[in-house]
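*Asks:* For reference, the sequence and a predicted model appear below.
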Amino acid sequence: MKLIVNEIFYSLQGEGGRAGEASIFIRLTKCNLACSFCDTDFEEGQEMSLDQILEEIGKYPCKWIIWTGGEPTIQLKDDHLAVFRDRGYKQAIETNGTRKVPSLIDYITCSPKQQYETIKSRIPFAHEIRMPITYGDSVPDITVFPQADNYFLSPVFDGDKINIDNVSYCVDLIKKHPQWRLSLQIHKLIHIE
Ligand code: SF4
(Lines give C-alpha, C1' and ligand atoms only; values in the text may rest on other atoms or scores of the structure.)
Protein backbone atom coordinates (compact mmCIF):
# COMPACT_ATOMS: atom_id res chain seq x y z
CA MET A 1 0.00 0.00 0.00
CA LYS A 2 1.17 3.49 -0.85
CA LEU A 3 0.07 7.06 -0.29
CA ILE A 4 1.08 10.23 -2.12
CA VAL A 5 2.47 12.48 0.60
CA ASN A 6 3.03 16.22 0.32
CA GLU A 7 4.87 16.57 3.64
CA ILE A 8 5.40 15.04 7.04
CA PHE A 9 6.29 17.24 9.99
CA TYR A 10 6.23 17.17 13.77
CA SER A 11 4.66 20.07 15.61
CA LEU A 12 1.81 21.04 17.93
CA GLN A 13 -1.79 21.06 16.83
CA GLY A 14 -2.41 24.77 16.53
CA GLU A 15 -6.19 25.02 16.57
CA GLY A 16 -9.43 23.51 17.74
CA GLY A 17 -10.09 21.06 20.54
CA ARG A 18 -6.63 19.46 20.51
CA ALA A 19 -4.72 22.77 20.34
CA GLY A 20 -1.35 22.53 22.02
CA GLU A 21 -0.95 18.75 21.70
CA ALA A 22 2.13 17.35 19.99
CA SER A 23 1.20 15.66 16.74
CA ILE A 24 2.79 14.26 13.62
CA PHE A 25 1.19 15.87 10.59
CA ILE A 26 0.97 13.84 7.41
CA ARG A 27 -0.27 15.99 4.56
CA LEU A 28 -1.65 14.00 1.64
CA THR A 29 -1.95 15.39 -1.89
CA LYS A 30 -5.23 16.03 -3.74
CA CYS A 31 -8.32 18.04 -2.87
CA ASN A 32 -11.80 17.99 -4.38
CA LEU A 33 -12.44 21.69 -3.65
CA ALA A 34 -10.72 24.95 -4.63
CA CYS A 35 -11.48 27.40 -1.81
CA SER A 36 -10.62 31.04 -2.46
CA PHE A 37 -8.87 31.43 0.92
CA CYS A 38 -6.87 28.20 0.68
CA ASP A 39 -3.26 28.82 1.73
CA THR A 40 -2.14 25.21 1.71
CA ASP A 41 0.25 23.73 -0.81
CA PHE A 42 -0.99 20.20 -1.35
CA GLU A 43 -0.47 19.60 -5.08
CA GLU A 44 3.06 18.24 -5.08
CA GLY A 45 3.85 14.93 -3.48
CA GLN A 46 5.87 11.79 -3.52
CA GLU A 47 4.60 8.26 -3.39
CA MET A 48 5.58 6.58 -0.13
CA SER A 49 4.99 3.06 1.06
CA LEU A 50 3.45 2.68 4.50
CA ASP A 51 6.76 1.25 5.71
CA GLN A 52 8.54 4.41 4.53
CA ILE A 53 5.99 6.57 6.34
CA LEU A 54 6.34 4.48 9.51
CA GLU A 55 10.11 4.84 9.35
CA GLU A 56 9.80 8.62 8.96
CA ILE A 57 7.30 9.15 11.78
CA GLY A 58 9.13 6.69 14.03
CA LYS A 59 11.76 9.41 14.55
CA TYR A 60 9.32 11.30 16.77
CA PRO A 61 8.37 10.46 20.38
CA CYS A 62 4.67 10.95 19.67
CA LYS A 63 1.79 8.61 18.97
CA TRP A 64 -0.73 11.06 17.50
CA ILE A 65 -0.98 11.37 13.74
CA ILE A 66 -3.03 14.11 12.09
CA TRP A 67 -3.99 13.19 8.54
CA THR A 68 -4.49 16.42 6.64
CA GLY A 69 -4.37 17.75 3.12
CA GLY A 70 -5.73 18.66 0.70
CA GLU A 71 -8.61 16.38 1.46
CA PRO A 72 -7.14 13.26 3.08
CA THR A 73 -10.23 11.08 2.58
CA ILE A 74 -9.49 10.99 -1.15
CA GLN A 75 -6.57 8.65 -0.50
CA LEU A 76 -6.98 7.34 3.01
CA LYS A 77 -8.78 4.05 3.63
CA ASP A 78 -9.26 1.83 6.69
CA ASP A 79 -6.65 -0.57 5.29
CA HIS A 80 -4.06 2.19 5.67
CA LEU A 81 -5.27 3.26 9.09
CA ALA A 82 -5.17 -0.28 10.45
CA VAL A 83 -1.42 -0.46 9.81
CA PHE A 84 -0.78 2.65 11.93
CA ARG A 85 -3.29 1.65 14.60
CA ASP A 86 -1.54 -1.70 14.96
CA ARG A 87 1.72 0.20 15.64
CA GLY A 88 0.05 2.06 18.51
CA TYR A 89 -0.81 5.33 16.77
CA LYS A 90 -3.94 7.36 17.46
CA GLN A 91 -5.20 9.04 14.31
CA ALA A 92 -6.99 12.33 13.77
CA ILE A 93 -8.24 13.68 10.46
CA GLU A 94 -9.01 17.14 9.15
CA THR A 95 -11.69 16.86 6.49
CA ASN A 96 -13.83 19.30 4.53
CA GLY A 97 -16.92 17.13 5.10
CA THR A 98 -17.64 16.34 1.46
CA ARG A 99 -16.70 12.67 1.76
CA LYS A 100 -17.14 9.82 4.24
CA VAL A 101 -14.44 9.38 6.87
CA PRO A 102 -12.85 5.92 7.33
CA SER A 103 -14.13 4.19 10.46
CA LEU A 104 -10.75 3.71 12.17
CA ILE A 105 -10.17 7.43 12.67
CA ASP A 106 -10.03 8.33 16.39
CA TYR A 107 -10.68 12.08 16.17
CA ILE A 108 -12.60 13.87 13.41
CA THR A 109 -12.24 17.57 12.73
CA CYS A 110 -14.73 18.61 10.08
CA SER A 111 -14.05 22.02 8.59
CA PRO A 112 -16.92 22.43 6.14
CA LYS A 113 -16.41 24.60 3.08
CA GLN A 114 -19.62 23.76 1.15
CA GLN A 115 -22.39 21.13 0.78
CA TYR A 116 -23.40 21.89 4.40
CA GLU A 117 -26.91 20.48 4.07
CA THR A 118 -25.74 16.94 3.33
CA ILE A 119 -22.76 16.62 5.69
CA LYS A 120 -24.72 14.64 8.29
CA SER A 121 -25.44 11.90 5.74
CA ARG A 122 -21.69 11.38 5.31
CA ILE A 123 -20.41 12.22 8.80
CA PRO A 124 -22.97 11.54 11.54
CA PHE A 125 -20.58 12.56 14.35
CA ALA A 126 -17.45 14.70 14.52
CA HIS A 127 -15.33 15.54 17.54
CA GLU A 128 -15.24 19.11 16.33
CA ILE A 129 -16.75 21.31 13.66
CA ARG A 130 -14.41 24.15 12.76
CA MET A 131 -15.86 26.82 10.48
CA PRO A 132 -13.55 29.33 8.77
CA ILE A 133 -15.16 32.78 9.02
CA THR A 134 -14.40 36.01 7.20
CA TYR A 135 -15.87 39.39 8.17
CA GLY A 136 -19.48 39.57 6.97
CA ASP A 137 -20.10 35.82 6.71
CA SER A 138 -23.41 34.81 8.23
CA VAL A 139 -23.29 32.65 11.32
CA PRO A 140 -23.69 29.02 10.26
CA ASP A 141 -26.90 27.22 11.22
CA ILE A 142 -25.54 24.81 13.79
CA THR A 143 -28.38 22.33 13.26
CA VAL A 144 -27.20 21.39 9.76
CA PHE A 145 -23.90 20.08 11.12
CA PRO A 146 -23.20 16.63 12.57
CA GLN A 147 -23.41 16.16 16.31
CA ALA A 148 -20.06 17.27 17.73
CA ASP A 149 -18.27 17.75 21.04
CA ASN A 150 -17.24 21.27 20.03
CA TYR A 151 -18.32 23.82 17.46
CA PHE A 152 -15.62 26.38 16.61
CA LEU A 153 -15.57 29.55 14.57
CA SER A 154 -12.11 30.11 13.14
CA PRO A 155 -11.34 33.63 11.87
CA VAL A 156 -9.56 33.44 8.53
CA PHE A 157 -5.99 34.80 8.72
CA ASP A 158 -4.22 36.83 6.03
CA GLY A 159 -1.66 34.19 5.22
CA ASP A 160 0.34 33.91 8.46
CA LYS A 161 -0.95 37.20 9.87
CA ILE A 162 -3.93 37.58 12.15
CA ASN A 163 -6.83 39.55 10.68
CA ILE A 164 -8.28 41.51 13.60
CA ASP A 165 -11.45 42.42 11.70
CA ASN A 166 -12.22 38.74 11.21
CA VAL A 167 -11.39 37.97 14.86
CA SER A 168 -13.59 40.79 16.22
CA TYR A 169 -16.38 39.70 13.93
CA CYS A 170 -16.15 36.11 15.24
CA VAL A 171 -16.14 37.37 18.85
CA ASP A 172 -19.37 39.29 18.19
CA LEU A 173 -20.95 36.26 16.49
CA ILE A 174 -20.07 34.00 19.42
CA LYS A 175 -21.46 36.47 21.96
CA LYS A 176 -24.75 36.35 20.05
CA HIS A 177 -24.59 32.57 19.40
CA PRO A 178 -22.79 31.04 22.39
CA GLN A 179 -23.04 27.47 21.11
CA TRP A 180 -19.93 28.38 19.12
CA ARG A 181 -16.40 28.80 20.52
CA LEU A 182 -13.42 30.70 19.18
CA SER A 183 -10.49 28.85 17.64
CA LEU A 184 -7.41 30.82 16.63
CA GLN A 185 -4.64 29.45 14.44
CA ILE A 186 -2.13 29.61 17.26
CA HIS A 187 0.62 27.97 15.18
CA LYS A 188 0.63 31.07 12.98
CA LEU A 189 0.77 33.42 15.97
CA ILE A 190 3.74 31.64 17.53
CA HIS A 191 5.45 30.93 14.20
CA ILE A 192 5.57 27.17 14.27
CA GLU A 193 4.75 24.92 11.37
S1 SF4 B 1 -10.90 22.09 1.21
FE2 SF4 B 1 -9.11 22.80 2.40
S3 SF4 B 1 -7.29 22.09 1.26
FE4 SF4 B 1 -9.08 21.92 -0.14
S5 SF4 B 1 -9.05 23.86 -1.29
FE6 SF4 B 1 -10.43 24.16 0.48
S7 SF4 B 1 -9.11 25.04 2.10
FE8 SF4 B 1 -7.74 24.17 0.53
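*Replies:* All right, it came through fine.
*Asks:* got the buried residues for the longest strand along the chain?
*Replies:* Ordering each strand of the chain by length in residues (DSSP state E) puts strand 2-12 first. Within strand 2-12, the residues that qualify as buried are 3, 4, 5, 6, 7, 8, 12, counting by 16 or more other Cβ atoms under 10 Å. (Glycine included, C-beta is placed from N, CA and C.)
*Asks:* Do stretch 112-127 and the ligand come into contact?
*Replies:* Yes - contact between stretch 112-127 and the ligand, assessed by Cβ under 6 Å from any ligand atom, occurs at residue 113.
*Asks:* What separates the first and last residues of that stretch, distance-wise?
*Replies:* 13 Å (Cα to Cα, to the nearest Å).
*Asks:* State the mean pLDDT of that stretch.
*Replies:* Here the mean pLDDT over stretch 112-127 is 92, rounded to a whole number.
*Asks:* re earlier: now do the longest strand of the chain, average pLDDT.
*Replies:* On average, the pLDDT along strand 2-12 is 98.
*Asks:* Ok, stretch 102-109 next?
*Replies:* Mean predicted confidence for stretch 102-109 is 98.
*Asks:* Would you mind measuring the gap between the ends of it?
*Replies:* Across stretch 102-109, first to last residue, Cα to Cα, it's 13 Å.
*Asks:* on that earlier part again, and the next element down the chain from the longest strand of the chain?
*Replies:* Once the chain leaves strand 2-12, the next helix or strand it forms, by DSSP states H and E, is strand 22-28.
*Asks:* Residues contacting that next one, please?
*Replies:* 3-13, 40, 42, 45, 53, 57, 60, 62, 64-70, 72, 74-76, 92, 193 (Cβ atoms under 8 Å, 6 or more residues apart in numbering).
*Asks:* near the ligand too, which of those residues?
*Replies:* Okay, of these touching the ligand (Cβ under 6 Å from any ligand atom), that's 40, 42, 69, 70.
*Asks:* Packing partners of the lengthiest helix in the chain?
*Replies:* In the chain, assigned by DSSP state H, the helix with the most residues is helix 164-176. Secondary-structure packing of helix 164-176 (3 or more Cβ pairs under 8 Å, 6 or more residues apart in numbering; DSSP states H and E): strand 125-133, strand 147-155, strand 181-182.
*Asks:* I appreciate the help and will end here.
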